[in-house]
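Q: Sequence and predicted model, in that order:
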Amino acid sequence: MTQSLSPVAEGLRRGVPIMLGYLPVGFAFGVLAVKNNIPPALAVAMSVLMFSGSGQFVFASMWGAGASAFSIIAAVLIVNLRYLLQSAAESPWLTFLPRLQRFLLGLGLTDETFAVHVTAFQQGWQCNLITLFVCNHSTQLAWVSGTIIGAFCGELVQDVKPLGLDYALTAMFLALLVPQCVSRLHVVVAVCTAAFSIAFKSIGMSQWNIALATVLGASMGVYLLLRKANRDGTPLDTPISGTNRTNTDAPQQRRTHA
Amino acid sequence: MPESTQYTSGLLLCLLGSVAVTVLPKVLPLTFLHGDSLPSLLRHWLSFVPVAVMAALVGPDVLFYEGQFNISTSNLFLMVALPSLVVAWWSKNYFLTIVFGLSLVILARAMGLY
C-alpha cells in the first residue's frame, strides 16, 4: 500500500474485499426476500434504493412475518441509526466539498465504505472524489448483482460456505479495526464497545445494539480522554480532521494522494 | 398469496418509508453538518465513532456463530479471528489479513473440521 495507485484503482482496491462479501450477502437477501413474498423486482429495487444490508434483512423477515408497515419502518430506522453517527463522523473530512457531492457521497455510505474511507482519511489520504465514488458504487453494483441473482435464480447457487464468503465482511472489519487501535485508550474503547454490542444483542436488542454500543463506547472514550487531560493538566488538543485539501505542511503519511 | 393490489400497495408504502429512514440518516449529517466547526468536545466524541462502530459490528460477528453466542472451539469464526488479529497487528497489511482469515475458513471447512 505504499505505492500510489490511480484514483480508480485505489477505489477498486478499497472495494474488492467489500464486493467479495456483498455478492453472497446480496444473494442471500434476494433469496430471503422472495421467500418472504417480496416480488423479485422489488427486492432488487430495495438493494438499489436502500443499499443497507441489515435494514433490508429486517424488512424482509418482518414483512414475511406479517408485521405492520409502521413497525417495519420503525425497526428499519432503529437499525439505521448508526448511519447518523457514521455520516457525522465522516463529515469533518468532507466539509470542503459542495453540498450536492456530500449528499451523493452520503447515498453510498455503508458500514463497509465508511470504514475504508475513514481509515484512509485518518492515515493522511488526500480526498479524491473518483476514488470515493468508484468504491461506493462498485460495491453497490456487487450488492445489487447479488440480489438479482438471488431473487431471480436463487436455486442456482447452493452454498457459499465452502468459499468462506460468509466470513468475508468479518475478515474485513477485523483488518480495519486493528489499525484503528492507535493508542491504549482506543484499544480499551474497542474492547468495551464490542462487549456492549454483544451484551445488547444477547439480551435481545439485536436492532439497537450497534448504535447504542457505539454511543456508549465513544462517550467512554471522551470521558477517559478528559480524565487523562485533567490528570496531566494539559488542555485537549483539537482532533485531527478534514483540512486535507490545504494541508501542505501537515505530515504526509505513507499513503500519498492517489 | 394475499389480495394482489392491496398487498402490493401496502408493500410499496412500507418500502418507501423504509427507503426514507435508510437514506435520511446516511445523507443528513454529511449534507448539512459542518464537521469542521463543531465544538471540540463533540469532535473528540466523533473521532471515537470509527473505532467504536467497527468494534460494535465485529464483536457479535465473531462471538455469535450460527445464531448462538458461542465462546468455544466449536465457533469457527472465533477460532479464525484470534490468529487474524495477531496477523493484522503484526503485518499491518489489510489484504494479507483478509486473505489469511478467508483461507483459514476455507481450509477448516475443506478439511471437514467445521
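A: Cool, the structure landed.

Q: Assign A:Phe27 to helix, strand or coil.
A: helix (DSSP: H, G, I helix; E, B strand; the rest coil).

Q: and it, how many neighbours does it have?
A: By the criterion of other Cβ atoms under 10 Å in any protein chain shown, A:Phe27 has 24 neighbours. For every residue, glycine as well, the C-beta is placed using N, CA and C.

Q: Secondary structure of A:Asp159: a helix, I assume?
A: No: with three-state DSSP as the criterion, A:Asp159 is located in coil rather than a helix.

Q: any idea how far B:Arg109 is from it?
A: 10 Å (Cβ to Cβ, to the nearest Å).

Q: So between these two, which is more surrounded?
A: Set A:Asp159 next to B:Arg109 and count neighbours by other Cβ under 10 Å: B:Arg109 wins out with 16 against 9.

Q: Find the nearest non-adjacent residue to residue 62, please.
A: With no chain named, the answer covers chain A. What sits nearest to A:Met62 in space, not counting adjacent residues and going by Cβ to Cβ, 6 or more residues apart in numbering or on different chains, is A:Ile72, at 4.7 Å.

Q: Oops, wrong one, chain B.
A: Counting by Cβ to Cβ, 6+ apart, the residue nearest B:Val62 is B:Ala81, at 4.5 Å.

Q: Centre of the chain to the host helix or strand of the one you found, how far?
A: Per DSSP states H and E: B:Ala81 is located in helix B:76-91. Averaged C-alpha coordinates place helix B:76-91 at 17 Å from its chain's average position (Cα atoms, centre = their mean, to the nearest Å).

Q: And the helices in the chain?
A: No chain was given, so I picked chain A. A:7-35, A:40-49, A:53-64, A:69-94, A:99-107, A:111-122, A:129-153, A:168-180, A:184-202, A:209-232 (DSSP state H).

Q: Sorry, I should have been clearer: chain B.
A: B:4-32, B:40-47, B:49-63, B:76-91, B:94-110.

Q: Nearest to A:Gln86, out of these?
A: Comparison of these against A:Gln86 by Cβ to Cβ identifies helix B:49-63 as nearest, at 6.2 Å.

Q: Just want the angle from the closest one to helix B:76-91.
A: Angle of helix B:49-63 versus helix B:76-91, following axes from the mean of the first three to the mean of the last three Cα atoms, to 10 degrees, is 140 degrees.

Q: how near is A:Gly30 to A:Asn37?
A: Per Cβ to Cβ, A:Gly30 is found 14 Å from A:Asn37.

Q: which of these two has more neighbours?
A: A:Gly30 (29 against 14).

Q: what residues are up against that one?
A: A:40, A:43-44, A:47, A:146-152, A:154 (Cβ atoms under 8 Å, 6 or more residues apart in numbering or on different chains).

Q: Same question for B:Leu46.
A: By Cβ under 8 Å, 6+ apart, B:Leu46 lies in contact with A:85, A:88-89, A:92, A:218, A:239, B:35, B:38.

Q: Redo those as a markdown table? Include pLDDT, distance to B:Val19 and neighbour count.
A: Listed next are those as a markdown table, based on pLDDT from 0 to 100; distance: Cβ to Cβ, whole Å; neighbours: other Cβ atoms under 10 Å in any protein chain shown:
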| residue | pLDDT | distance to B:Val19 | neighbour count |
| --- | --- | --- | --- |
| A:Leu85 | 96 | 20 | 24 |
| A:Ala88 | 96 | 21 | 20 |
| A:Ala89 | 96 | 23 | 25 |
| A:Pro92 | 93 | 27 | 23 |
| A:Ala218 | 97 | 28 | 24 |
| A:Pro239 | 66 | 33 | 17 |
| B:Gly35 | 75 | 25 | 22 |
| B:Leu38 | 89 | 28 | 19 |
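
Q: what's around residue 106, how many residues?
A: Went with chain A since none was named. A count of nearby residues for A:Gly106, using other Cβ under 10 Å, gives 24.

Q: nope, chain B
A: 16.

Q: where does the residue lying closest to it once chain neighbours are set aside land on pLDDT?
A: Among residues not flanking B:Ile106 along the chain, A:Gly164 sits closest, at 4.3 Å (Cβ to Cβ, 6+ apart). In this prediction, A:Gly164 carries a pLDDT score of 85.

Q: Also B:Met1?
A: Looking at B:Met1, its pLDDT reads 50.

Q: I'd say A:Val116 and A:Cys135 touch.
A: Yes: using Cβ atoms under 8 Å, A:Val116 makes contact with A:Cys135 at a distance of 6.7 Å.

Q: Mutual contacts of these two, please.
A: In contact with both A:Val116 and A:Cys135: A:14, A:18, using Cβ under 8 Å, 6+ apart.

Q: What's the local residue count around residue 17?
A: The chain I'm using is chain A. So A:Pro17, with other Cβ under 10 Å, has 24 neighbours.

Q: that answer is for a different chain, and I need it for chain B
A: Look at B:Gly17: counted by other Cβ under 10 Å, it has 18 neighbours.
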